[in-house]
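Colleague: only geometry, no sequence info:
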């Protein structure tokens, strides 16, 4: 399932868009400790495709997608 989130991001000196932290519904901010990979990829769990950032957040690997000018994460289906 897709969840669109707020993301604070900056452009580096080469013009690459680099996310810095994710802001969840309750406005809690989760800093992105490290980005280990950036590539165009499909979200196999949530559907769709975009630039996939493989991020380390709180010691866990998470995928963050930039899809059509919006940021999304994959979340577990609550059903």
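Modeller: Now that the structure is in, tell me what you want to look at. Here the structure is a predicted model, which is why all the values come from computation and not from measurement. Numbering: from 1, shown residues only.

Colleague: do you know how far residue 63 is from residue 36?
Modeller: Separation of residue 63 from residue 36 (Cβ to Cβ, to the nearest Å): 11 Å. Any C-beta I mention is one placed from the backbone N, CA and C, and that applies to glycine too.

Colleague: So which of these two has more stuff around it?
Modeller: residue 63 (17 against 9; other Cβ atoms under 10 Å).

Colleague: element containing that one?
Modeller: strand 60-67 (DSSP states H and E).

Colleague: Pull up the pairing partners for that strand, direction included.
Modeller: Here strand 60-67 has these sheet partners by DSSP bridges: strand 49-57 (antiparallel), strand 70-74 (antiparallel).

Colleague: For residue 30, which non-adjacent residue is spatially closest?
Modeller: What sits nearest to residue 30 in space, not counting adjacent residues and going by Cβ to Cβ, 6 or more residues apart in numbering, is residue 22, at 4.8 Å.

Colleague: Distance-wise, check that neighbour relative to residue 48.
Modeller: Per Cβ to Cβ, residue 22 is found 18 Å from residue 48.

Colleague: So those two - more neighbours on which side?
Modeller: residue 22 (21 against 11).

Colleague: Now do the helix or strand that one falls within: everything it contacts.
Modeller: Following DSSP H and E, one finds residue 22 within strand 17-23. Contact with strand 17-23 is made by 5-12, 29-32, 35, 51, 53, 55, 57, 64, 66, 71, 73, as judged by Cβ atoms under 8 Å, 6 or more residues apart in numbering.

Colleague: burial measure for residue 1, as a count.
Modeller: Around residue 1 there are 13 residues (other Cβ under 10 Å).

Colleague: Just to check, it is in contact with residue 72?
Modeller: No: with contact defined as Cβ atoms under 8 Å, residue 1 does not count as touching residue 72 (9.9 Å).

Colleague: Now do the shared contacts for the two.
Modeller: residue 46.

Colleague: who's residue 63 bridged to?
Modeller: Here residue 63 sits in beta bridges with residue 54, going by DSSP bridges.

Colleague: which residues does it contact?
Modeller: Each residue near residue 63 by Cβ under 8 Å, 6+ apart is listed here: 43, 52-55, 73-74.
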